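Undergrad: no sequence on this one, just coordinates:
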């Protein structure tokens, strides 16, 4: 799909109760579906399709519907929430992912105990240097290139919580799609994606800062915007926050809350502090900040066309040997981003309910309800049903955003063997 091309809107939801108010059969009027007092303005989108996420249940496809989303509030410049209307036109086409496709469900269940959690490519590929183990990715140097293997490890709270079937493939292929569709905003370091779990990138000097961009007052981690706001903080990473905001409320303007890339946890920092501490030059910081905001705005537009709200995300950048600033790591994946269901957001927010999400937030909330994930040395094991649900949600998000069907492995070849073979074949051509 070419960036900027007209795409159908997807209505993605979990369950049906909160969404049924938005369902409209052919011939019914908008006034009978949504009170007229809520039908103000907004962006009219071309068409819509529907993808359900009801727990391990069949998806039904195709009802035409109308929906209205408004978020935000009035407040100080830069952080006040403005009413945002989104009017979805009646569907002219539908997308039916045929619910929980049996072959996908079976593959998920069979793979729960056989995820790709660790790699040892340097044991069999002489061109690779020692492994650098990140929270999710295993990284190897190879001459002027970096080989990034996205594993199935699930990270949150600055630690690994579980291994999720096909997660690595979803993350890698989602990122590749976004890398290909954001070249009009920024260069990236990608050279090749020789395997569903692998990206080979140009070696560059990585800025020691993660650029977190936020569009909503939300979050559950210790560095999230809502957590610090609820503790009384009114200036966060250089952004002034107005009084009276509620959890999950939309910000009028997207903001950047950078963090330093510390070894064991992320540390919030302002743009001024980044420059003062010599982490980046002022010129580089301003360029990256503008790129990050532009990427997020574009990501929100694409997500909205598919019935999703891109709530927040993080970006990482580096500089190549010729001085070019490039986007690296991952883009708008369900690991690095928070996605909510657009159609049900307003009503659930009005009722004080958490938004329906299609990312790893529900897994975060489960661990927070069972333990102290920051301080407990031993964490409970995530239930298999929860892991399977997360795998399914990641696959649905990939298919919804990209329009591509998620392809299961075609052979029974062990994942590690397949990855090693594809990496070695590609490096022989590159080196």
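TA: Thanks, I have the structure now. Small disclaimer: the values here were computed from a predicted structure and weren't measured. Residues are numbered from 1 along each chain as shown.
Undergrad: Show me the shaky parts of the stretch 251-400 of the chain.
TA: Scanning the stretch 251-400 of the chain for pLDDT under 70 picks out the ranges 263-264.
Undergrad: Strands of that one, start to end?
TA: With DSSP state E, counting those that start in this stretch as the criterion, the stretch 251-400 of the chain has strands at 259-260, 267-268, 308-319, 325-328, 337-341.
Undergrad: for the longest helix out of those in the chain, packing partners?
TA: Secondary structure of the chain per DSSP state H: the longest helix is helix 282-305. Applying 3 or more CB pairs under 8 Å, 6 or more residues apart in numbering; DSSP states H and E, we find helix 282-305 packed against strand 43-45, strand 209-217, strand 249-256, helix 271-276, strand 308-319, strand 325-328. In short, each C-beta sits where N, CA and C put it, glycine included.
Undergrad: Quick one: closest of those to residue 184.
TA: Of all the helices and strands packed on helix 282-305, strand 325-328 sits nearest to residue 184, with 12.1 Å by CB to CB.
Undergrad: Please compute how far that closest one lies from its chain's middle.
TA: Mean-position distance between strand 325-328 and its chain equals 18 Å (CA atoms, centre = their mean, to the nearest Å).
Undergrad: go on, stretch 336-353?
TA: So, by CA atoms, centre = their mean, the centroid of stretch 336-353 is 15 Å from its chain's centroid.
Undergrad: Renumber starting at 3 from here on
TA: Understood, numbering begins at 3; the last thing we discussed is stretch 338-355.
Undergrad: Tell me the buried residues in it?
TA: Buried residues in stretch 338-355, counted by 16 or more other CB atoms under 10 Å: 338-351.
Undergrad: can you tell me the distance between the two ends of that stretch?
TA: Terminal residues of stretch 338-355 lie 23 Å apart, using CA to CA, to the nearest Å.
Undergrad: cool, stretch 368-388 as well?
TA: 9 Å.
Undergrad: List the buried residues in that stretch.
TA: Buried, per 16+ other CB under 10 Å, within stretch 368-388: 368-369, 375, 381, 384, 388.
Undergrad: Now distance to residue 277 too, for those residues, in CSV please.
TA: Listed next are those as CSV, based on distance: CB to CB, whole Å:
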residue, distance to residue 277
368, 39
369, 36
375, 33
381, 38
384, 41
388, 42
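Undergrad: just the residues you listed now: which is nearest residue 241?
TA: Nearest to residue 241 among these, with distances taken as CB to CB, is residue 375, at 26.2 Å.
Undergrad: count of residues packed around the nearest residue to that closest one once chain neighbours are set aside?
TA: Distances taken as CB to CB, 6 or more residues apart in numbering place residue 159 nearest to residue 375, at 4.0 Å, with adjacent residues excluded. Residue 159: 20 surrounding residues under other CB atoms under 10 Å.
Undergrad: so who does residue 159 touch?
TA: 223, 366, 369, 375-376 (CB atoms under 8 Å, 6 or more residues apart in numbering).
Undergrad: Just the ones of those residues in helices?
TA: Mapping the contacts of residue 159 onto helices (DSSP H) picks out 366, 369.
Undergrad: just the contacts of residue 159 now: which is nearest residue 234?
TA: Nearest to residue 234 among the contacts of residue 159, counting by CB to CB, is residue 223 at 17.4 Å.
Undergrad: Do a quick rundown of the helices in the stretch 103-252 of the chain.
TA: Applying DSSP state H, counting those that start in this stretch to the stretch 103-252 of the chain gives helices spanning 104-113, 169-183, 227-232.
Undergrad: Now the longest one: average pLDDT?
TA: This means helix 169-183. For helix 169-183, mean pLDDT is 98.
Undergrad: Summarise which helices and strands that helix is packed against.
TA: Packed against helix 169-183 by the contact rule (3+ CB pairs under 8 Å, 6+ apart) you find strand 147-152, strand 155-158, strand 192-197, strand 200-204, helix 386-404.
Undergrad: Go through the helices and strands packed on helix 284-307 and name the closest to residue 103.
TA: Judging the helices and strands packed on helix 284-307 by CB to CB, what sits closest to residue 103 is strand 310-321, at 20.3 Å.
Undergrad: quick check: domain ranges of the chain?
TA: Domain assignment for the chain by automatic domain parsing gives 116-206+374-432, 207-343.
Undergrad: Turn the ones you listed into CSV, columns for distance to residue 360.
TA: Below are these laid out as CSV (distance: least, CB to CB, whole Å):
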stretch, distance to residue 360
domain 116-206+374-432, 5
domain 207-343, 5
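Undergrad: Which one, of those domains, ends up nearest to residue 355?
TA: domain 207-343 (9.0 Å).
Undergrad: Show the end-to-end separation of that closest one, please.
TA: From its first residue to its last, domain 207-343 covers 37 Å (CA to CA).
Undergrad: starting at the chain centroid, how far to that domain?
TA: Counting by CA atoms, centre = their mean, domain 207-343 comes out at 12 Å from the chain centroid.
Undergrad: Ok, stretch 374-394 next?
TA: 19 Å.
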